[in-house]
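>>> Here is a sequence with its predicted model. Questions after.
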Number of protein chains: 2
Amino acid sequence: MIEIKKIKGGVCAARGFVAGAAGCGIKAGKVTRDDVAVVFSEAVATSAATFTTNNVKAAPVRVSAEHLKAGGNRAVILNSGNANACTGEGGLKDAKAMCSAAAELLGLKQKEVLVCSTGRIGVPMPMDRIAKGIAALKPTPNGSAASAAAIMTSDTFAKEYAVEVKTSKGSFRVGGVAKGAGMIDPNMATMLCVVTTDAAIPQSALRADLKRSVANSFNRITIDGDMSTNDTVILLANGLSACSPDMKAFSQALDEVTRALARMIVSDGEGVSRFVEVEVTGAVNDKEARIAAEAIANSTLVKCAWAGGDPNWGRILDAVGYCGVKVDDTKADIFYDKLASVKNGIAAKTPFEKLRAIAAKKSFKVTVDLKLGKGSYYVWTTDLTEEYVRLNLGE
Amino acid sequence: MIEIKKIKGGVCAARGFVAGAAGCGIKAGKVTRDDVAVVFSEAVATSAATFTTNNVKAAPVRVSAEHLKAGGNRAVILNSGNANACTGEGGLKDAKAMCSAAAELLGLKQKEVLVCSTGRIGVPMPMDRIAKGIAALKPTPNGSAASAAAIMTSDTFAKEYAVEVKTSKGSFRVGGVAKGAGMIDPNMATMLCVVTTDAAIPQSALRADLKRSVANSFNRITIDGDMSTNDTVILLANGLSACSPDMKAFSQALDEVTRALARMIVSDGEGVSRFVEVEVTGAVNDKEARIAAEAIANSTLVKCAWAGGDPNWGRILDAVGYCGVKVDDTKADIFYDKLASVKNGIAAKTPFEKLRAIAAKKSFKVTVDLKLGKGSYYVWTTDLTEEYVRLNLGE
C-alpha cells in the first residue's frame, strides 16, 4: 500500500532541508529581484544529478559533474541572469568560487556544493556582486518559494511541487523547485531543477532512480527543439524521515514530483498557448516511436498550426515522413484526443469542426498509430506562437 | 572558354520548349488565378528528376518516378492549390489522369508526361475541374512567366531564370521556373522546379549532373526544417541547339540556373526578412560540417535572434553543441560577415554595435570555424519572424 498526497513546502517539504534567496543585480547591475538561491540539507545527504548532453557544457555543469563524483553533496547554489556558459577558463574559476562562497556560508567543503546557473550565454559572471549575494543568503525551512522565484528567467510563475508518501515501511516526503521557459528540448534544457527527499536512499540507487525518472519527465518535454548548455537536475536525500522505502514506492513519489514540474515547465514555455501530448504508437520499436514523436513535436509547421487552433494532420504525417522512421502511409491513423483525423493514411470522416474544437483547447493529445509494430513513446510539447518569436528577437 | 550570360525567357529560353497556364479553381472552386501549367518539348528529349526523400511521398512524386524509369519524358504537367498528398489510391489514379490529359493535349503517351502538384495535403483532387483546366492549356514559346505564376502558393513573386552559354563547341541555353515559400528544408521542400535546355546531353549524364547540381543548390536551402512530400526538380534536354557541350560547361550553366532559383526560393520564404548563408569550416569532416550548418540554420532560437537583428552567438554555439558533432568549445570561432564575434569559444573584442549592424542587414554570412579538421559545408537560410507564424496558423 502506498498513499501519495500533494503537500506544500516545495524543495523544503522534506525534513532538514532549508532554502533561501537574495538579490545582487547579476543581470543589470542594480538589484530589482532575487537572483541567487541556495538549497541545503542540514544533515549529511546522498546525491544524484543529470546534466545536459549538449557538447557545449556551461562551466557550472562541468564543476557540478566533478563535485558529484566524490558524492555526498548536500547543498546547491544557483543563480539566474547569467548562464556562465562559453566563458572559458574564467567561467570555471567563477563556478568554483560560487561553490566556495556557499561552502563558507554553510560550513561545508567546496566539493560538497553543486552549482547551477541560467541566463544569457557568453557574458562573464559579475563575481564581486555574486559573492555579496551569496554571503547575504539566509536559508530557512520556509525558503522554497523565494528560491523558486530567484531562479526564474522568462518563466511567468515560480515552480514548486511536493508530496508526502505513506507506505507500510513508514512515511517520507519528496519536493522540488524548477525553472524552464526557453531552449527546452528532450535531454533537458535551460532547465534547472532541485529535488530533495528525507527518505533514506543509498547513493547508487538514488542515482539510478533519478536517471530513470528524468527519462520519464524532463526528457519528455520539448518546446523549441533547442537544448541548452546548462540543463541540470539535482536530487538530494538525507534520510531524516528514518524511512527506507521500497524503491518502487520511492520511484512513484519521485515521478510524481518530476513529472509535475516538467508539465509546469511546458505550460509556462515562452509564448505558449497549448499543451500538447504527442504519442506515437505502433512504431517498429520504441526508438523509432521517439524519433517520430519528437519530429512532430519540433516541427515548426505543426506547432504553428496548433497555435492557430488548426487540427492539421498533413503537416503531422509530413513530419513522420521526413524523420526517417519506417512508415506505411496507407496504414497510419491520427487522432486528436479520441477523434480520428486520419484513417489508413487518408482523411477520416470526423467532421472538421469537431477536430477544430479539440485543437482550440488549452490542452489536448495527438496520437499517431503507425500500425507497424509495438514501439511507443510520448512527449509533452507546445504550440509556436507569434509571442514566442517576439520574446526571442534578442537585443 | 565559356561565357555565360543571363537572358530572358525562363523555362522557354531553350529552343523548342513551350509552356502555358490556365485557371480552373482547384483550391476554391471558382477561378481567380491560373493554377495549372504545362512545360513541353516540341522535340524528343532526355529527362532527369530528383524527388523528396520524405518517406511519405505524394501521388505525383510516385507517378513521376515511375514514368521517369522509362525515360524520354518531354512534358511536365503541374498544378498549385492541392498537393495530392496523403490521398490514397485515388490520388495515384488522379496523378495518372493528369498525365493522360496532358498527353492527349500534346499528342504524347501518358508515360512521356511527368506530374507535379503543390498545395494543401490530404484533400482529394477536384479532377473534373482539373481536366477542364488541362484541356484549356495553350503552350507557347512565351509561356514561361505565366507557368511560373500558376505554380505559386504562398510565394510572393514568380521565379524564372535563364542563361545563354557560349563555348568553343557552340552555344546553348538553360532556363527554368520554380516555386517555394514554406516547408523548405534540405533535400528539397514544397518546392517544384522545371529546368529545360537545348543542349544535347545523353540521359545518363543528364541524370548524374542534375543530382550533382541539386546537391549544390536546392539541397542547400532550409527555411523551416520541414521537408515536404512533393519536392521535385525536373530537367529536360532536347538537343535543339545542336551543341553537345563539355559536361563541365553544362554543369556550370546548370548550377547558375539552379542556384539562382534556389536563392530566390530562400529570399521569398514565408515571412522572411533576412537571407543568411551559414558556413561551417574546420569540422572533422564534411558530413559533420553539414550537420552543424543545418542545426544552426534550423534552430528556432537562432532564427528568432536574426529576425530581431541580434548577432547572437550563444545560441549558435548551443546549436553546434547539441547537434552531436565533435566540437571543442575552447577553439571555435564565429564570424558575422568578416567580423569575429567569438574567438576560441569566448566573446571576441569586436564592438557589439558593429556585429549588430551586420545582423540587421537583409543578407549576411555567418561562419563557424570549429578548427578541428578540413570539413566544410554551407547552407542558405532565413530568419524566423512573427509573420512566418501568422502565415502558418492554418485554418
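Now that the structure is in, tell me what you want to look at.
>>> What residues of the helix or strand containing residue A:278 count as buried?
Element membership for residue A:278, per DSSP states H and E: strand A:275-283. Across strand A:275-283, burial judged by 16 or more other Cβ atoms under 10 Å in any protein chain shown covers A:275, A:276, A:277, A:278, A:279, A:280, A:281, A:282, A:283. Backbone N, C-alpha and C define where each C-beta goes, glycine included.
>>> wait, isn't the second one in contact with residue A:365?
Yes - the pair residue A:276 and residue A:365 qualifies as a contact (Cβ atoms under 8 Å) at a distance of 7.2 Å.
>>> any idea how far residue A:95 is from the nearest residue to residue A:132 once chain neighbours are set aside?
Distances taken as Cβ to Cβ, 6 or more residues apart in numbering or on different chains put residue A:24 closest to residue A:132, at 5.6 Å, once the chain neighbours are dropped. Residue A:24 sits at a distance of 16 Å from residue A:95 (criterion: Cβ to Cβ, to the nearest Å).
>>> ok, back up a step: I'd like the next helix or strand past the strand holding residue A:278.
Taking DSSP H and E, what comes next after strand A:275-283 is helix A:286-298.
>>> any chance you could map the strands in the stretch 101-250 of chain A?
A:113-117, A:159-167, A:170-179, A:192-197, A:221-222, A:232-237 (DSSP state E, counting those that start in this stretch).
>>> which stretch among the ones you listed comes nearest chain B?
Chain B lies closest, by Cβ to the nearest Cβ, to one member of the strands of the stretch 101-250 of chain A: strand A:221-222, at 10.7 Å.
>>> What is the burial count for the residue nearest to residue A:132?
23 (other Cβ atoms under 10 Å in any protein chain shown).
>>> Repeat that for residue A:135.
Close neighbours of residue A:135, defined as other Cβ under 10 Å, add up to 14.
>>> Could you pull up the residues touching it?
Counting by Cβ atoms under 8 Å, 6 or more residues apart in numbering or on different chains, residue A:135 touches A:101, A:105.
>>> quick revisit: can you tell me how far the residue nearest to residue A:132 is from residue A:58?
19 Å.
>>> what does residue A:40 give?
Computed as Cβ to Cβ, the residue A:40 to residue A:58 distance reads 22 Å.
>>> For those two, indicate the residue with more neighbours.
Neighbours per residue (other Cβ under 10 Å) separate residue A:40 from residue A:58, with residue A:58 holding more: 33 against 27.
>>> Find the nearest non-adjacent residue to that one, please.
residue A:85 is the one closest to residue A:58 (Cβ to Cβ, 6+ apart), at 3.5 Å.
>>> What is the neighbour count of that neighbour?
30.
>>> these two touch, right, it and residue A:121?
Yes - using Cβ under 8 Å, residue A:85 is in contact with residue A:121, at 4.4 Å.
>>> ranges for the helices of the stretch 201-350 of chain A?
A:203-215, A:247-267, A:286-298, A:300-307, A:314-322 (DSSP state H, counting those that start in this stretch).
>>> now for the shortest one, which elements pack on it?
This means helix A:300-307. helix A:314-322, strand A:375-382, helix B:386-391 (3 or more Cβ pairs under 8 Å, 6 or more residues apart in numbering or on different chains; DSSP states H and E).
>>> can I get the CA coordinates of that helix in PDB?
Output of helix A:300-307 as PDB, limited to C-alpha atoms (Å, rounded to 0.1, in the frame of the first residue of the first chain):
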ATOM      1  CA  THR A 300       7.700  24.400 -36.900                       C
ATOM      2  CA  LEU A 301       4.700  24.000 -39.200                       C
ATOM      3  CA  VAL A 302       2.900  21.600 -36.900                       C
ATOM      4  CA  LYS A 303       3.400  23.900 -34.000                       C
ATOM      5  CA  CYS A 304       2.200  27.000 -36.000                       C
ATOM      6  CA  ALA A 305      -1.000  25.100 -37.000                       C
ATOM      7  CA  TRP A 306      -1.700  24.300 -33.300                       C
ATOM      8  CA  ALA A 307      -1.200  28.000 -32.400                       C
END
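>>> gap between it and the chain center?
Centre-to-centre, helix A:300-307 and its host chain are 23 Å apart (Cα atoms, centre = their mean, to the nearest Å).
>>> cool, and the last one?
Offset of helix A:314-322 from its chain centre (Cα atoms, centre = their mean): 27 Å.
>>> report the angle between the axes of it and helix A:286-298?
Angle of helix A:314-322 versus helix A:286-298, following axes from the mean of the first three to the mean of the last three Cα atoms, to 10 degrees, is 140 degrees.
>>> and if you look at the second one?
Using the same axes, to 10 degrees, the direction of helix A:247-267 lies 30 degrees away from that of helix A:286-298.
>>> can you check the shortest one too?
Here helix A:300-307 runs at 60 degrees with respect to helix A:286-298, directions being taken by the same axes, to 10 degrees.
>>> ok so, going back, report all helices and strands that the strand holding residue A:278 contacts.
helix A:247-267, helix A:286-298, strand A:363-369, strand A:375-382.
>>> Try it again at 6 Å.
For strand A:275-283, the elements it packs on are helix A:286-298, strand A:363-369, strand A:375-382, judged by 3 or more Cβ pairs under 6 Å, 6 or more residues apart in numbering or on different chains; DSSP states H and E.
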